[in-house]
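Here's a sequence, model it:
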Amino acid sequence: MSVFLRIATFPGEMRIAVTQDNTLLDYALWRPSAPDGVDDLYLGRISARAAGMGGAFVDLGNGTSGFLPDQKGSDLLPEGQTLPVRIVRAAQGGKGVRLRPEKTSAALPAKPGLISRGPTPLERLAARWQDATLVVDSPAAAASIPPALRPRRLQELLPFPEEIAHACDALEDPLVSLPGGMQASITPTPALVAIDMDAPPAQTGWPKQTAQFAANRDALPALMRQIRLRNLSGAILIDPAGLATRKRQALLEPVKATLQDDPLKPRCLGITALGLVELVRARIHPSLHELLSSAHGQALAVLRHLVMQETEATMLRGGLGLITALEQDPQALADCIAQRGKPLSLRLDPALPDFFWTTHS
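Numbering: from 1, shown residues only. Sure, this is the predicted structure:
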């Protein structure tokens with residue numbers, strides 16, 4: 001059973017899907033013009049101490065900054081001190097990047113700025129799935145493969161199989177179908193991710209609570225896979241379906257078992273007083289929800305729609321938020337024009353709300 005690492009090309013981004021037998025095993029979005037910065041190495045300068053936060057703000061150059069927590073057992077760095085730092089957590093949830101000090105033999109720039117980039121989403125997934133064969137759908141995707149990975153590429157150009165394309169699209173839906181007719185509703189908030197599980201009436205002939213326990217237990221692997229595919233992180237609260245609070249303790253061991261395959265090694269902290277399963281999953285890269293709901297993500301979704309649905313349009317008229325986001329990523333607009341084979345101009349319409357748009361031929 002071969003494992004494939006598939007790349008599908010859209011304006012400004014690529015979908016990367018790890019598949020086996022038309023099952024989606026892993027997933028990432030790659031936006032070359034907007035990397036999340038994780039593992040990037042910078043020369044930084046301490047710009048301000050933040051004693052109340054236990055760290056310091058670091059100027060990374062070009063108007064960007066990050067937060068460096070104080071290290072245990074080390075002297076506090078004074079303002080103005082320069083040092084190499086690595087990004088360990090992307091900007092997300094309204095907070096900037098998180099940094100750690102880094103020893104390096106690389107040549108340092110004269111002033112704060114980038115020293116080297118970290119791995120791309122493609123390189124991260126290729127390292128995680130070392131036996132996967134790379135499959136691309138376009139010459140542009142093929143050209144994006146680093147030299148070290150090119151021997152793993154299948155030379156034929158192939159689009160995503162229909163089942164995989166559907167599974168990727170489904171990751172944008174907050175409602176998730178689970179085994180046994182169950183369903184989960186996923187609601188990300190700034191503080192946590194709430195997941196409400198729901199189940200149809202049990203028809204097994206078992207006692208109601210026994211049947212509901214079995215339904216929740218059997219749905220857990222698929223739910224945890226959705227958490228990984230969507231990269232949900234931070235505090236996660238799961239409300240199981242139809243179980244009395246005292247019966248929910250029995251879900252702890254099945255939950256912990258389903259977490260073992262997650263490379264981020266999330267922790268199950270137990271069952272809250274309200275009967276919610278409490279998980280903590282490391283925040284490193286932005287969640288899929290945050291990538292899609294950002295101004296940039298909404299703008300790219302419009303371009304993807306134009307490539308797939310409105311191939312005759314030659315003008316995109318949009319609100320301020322949309323046009324601004326597209327102007328900040330000219331490569332995405334160029335990709336859209338190249339993929340459609342037709343010119344496309346932008347026009348700002350102040351009368352439209354931020355992300356409303358219309359097209360004209």
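
Show the low-confidence segments of the protein, by residue range.
73-74, 201-206 (pLDDT under 70).

Okay, Leu288 and Gln298: tell me how far apart.
14 Å (Cβ to Cβ, to the nearest Å). Placement of C-beta: from N, CA and C, glycine included.

next one: Pro84
35 Å.

how about Gly234, what does it touch?
By Cβ atoms under 8 Å, 6 or more residues apart in numbering, the contact set of Gly234 is 93, 192-193, 280-281, 283.

mind listing what Leu232 touches?
Neighbour list for Leu232: 186, 188, 193, 281, 287, 289 [criterion: Cβ under 8 Å, 6+ apart].

could you list every residue that touches the first one?
For Ile186, the contacting residues are 174-176, 193-195, 226, 230, 232, by Cβ under 8 Å, 6+ apart.

Buried only: go through those for me.
The neighbour-count criterion (16 or more other Cβ atoms under 10 Å) marks 176, 193-195, 226, 230, 232 among those as buried.

Adding distance to Arg267 and secondary structure as columns, could you present these in a markdown table?
Below are the buried ones among the contacts of Ile186 laid out as a markdown table (distance: Cβ to Cβ, whole Å; DSSP: H, G, I helix; E, B strand; the rest coil):
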| residue | distance to Arg267 | secondary structure |
| --- | --- | --- |
| Val176 | 22 | strand |
| Val193 | 15 | strand |
| Ala194 | 18 | strand |
| Ile195 | 16 | strand |
| Gln226 | 18 | helix |
| Arg230 | 18 | coil |
| Leu232 | 14 | coil |
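
for this structure, longest strand please?
If each strand of the chain is counted by residues according to DSSP state E, the longest one is strand 41-50.

What helices and strands are in contact with that one?
Where contact means 3 or more Cβ pairs under 8 Å, 6 or more residues apart in numbering; DSSP states H and E, strand 41-50 is packed against strand 55-61, strand 64-69, strand 82-89, strand 113-116.

same thing but at 10 Å, please
Counting contacts by 3 or more Cβ pairs under 10 Å, 6 or more residues apart in numbering; DSSP states H and E, strand 41-50 is packed against strand 55-61, strand 64-69, strand 82-89, strand 97-101, strand 113-116.

can you give me the helices for this protein?
Ranges of helices within the chain are 121-128, 139-143, 162-170, 208-229, 252-258, 288-293, 295-308, 320-327, 330-340, based on DSSP state H.

closest to Leu41 out of those?
Proximity to Leu41 (Cβ to Cβ) singles out helix 121-128 among the helices of the chain, at 15.2 Å.

what sits up against that closest one?
Helix 121-128 has contacts (Cβ atoms under 10 Å, 6 or more residues apart in numbering) with 5, 7, 13-18, 25-32, 35-36, 38-39, 118-120, 132, 134, 141, 144-146, 148-149, 152, 263, 285.

Would you mind writing the PyMOL command to select the buried ones in those?
Selecting only the buried entries of these in PyMOL, with 16+ other Cβ under 10 Å as the criterion:
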select buried, resi 5+7+13+14+15+16+17+18+25+26+27+28+29+30+31+32+35+36+38+39+118+120+132+134+141+144+145+285
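
one step back: okay if I get the buried ones among the contacts of Ile186 as a markdown table plus distance to Leu306?
Below are the buried ones among the contacts of Ile186 laid out as a markdown table (distance: Cβ to Cβ, whole Å):
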| residue | distance to Leu306 |
| --- | --- |
| Val176 | 28 |
| Val193 | 31 |
| Ala194 | 34 |
| Ile195 | 33 |
| Gln226 | 29 |
| Arg230 | 25 |
| Leu232 | 29 |
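
which one of the residues you listed is nearest Arg304?
Arg304 lies nearest to Arg230 out of those, by Cβ to Cβ, at 18.3 Å.

That closest one and Asp39, how far apart?
Applying Cβ to Cβ, the value for Arg230 to Asp39 is 21 Å.

same question, Ala295
When Cβ to Cβ is the yardstick, Ala295 and Asp39 sit 24 Å from each other.

list the contacts for Gln249?
Residues counted as contacts of Gln249 (Cβ under 10 Å, 6+ apart) are 243, 270-271, 275.

For those residues, which two are the farthest from each other?
The largest separation in the contacts of Gln249, counting by Cβ to Cβ, is between Leu243 and Gly270 at 15.1 Å.

And those two? Which one has more around it.
For Leu243 and Gly270, the more surrounded residue by other Cβ atoms under 10 Å is Leu243, and the numbers stand at 21 against 12.

For that one, give me its contacts.
Counting by Cβ under 10 Å, 6+ apart, Leu243 makes contact with 197, 199, 208-209, 212-213, 215-216, 249-251, 275.

are any of the residues you listed buried, and which?
The neighbour count (16+ other Cβ under 10 Å) marks 197, 199, 212-213, 215-216, 251, 275 as buried among the contacts of Leu243.

Now tabulate those residues in a markdown table and tack on distance to Asp335.
Output for these, formatted as a markdown table (distance: Cβ to Cβ, whole Å):
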| residue | distance to Asp335 |
| --- | --- |
| Met197 | 39 |
| Ala199 | 43 |
| Gln212 | 48 |
| Phe213 | 49 |
| Ala215 | 44 |
| Asn216 | 44 |
| Leu251 | 45 |
| Gly275 | 48 |
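
so which of those comes closest to Leu352?
Relative to Leu352, the closest of the buried ones among the contacts of Leu243 is Met197; by Cβ to Cβ it sits at 38.8 Å.

my guess is that closest one contacts Gln183, does it?
Yes. Using Cβ atoms under 10 Å, Met197 is in contact with Gln183, at 7.5 Å.

what touches both of those two?
With Cβ under 10 Å, 6+ apart, Met197 and Gln183 have common neighbours 176, 219, 241.
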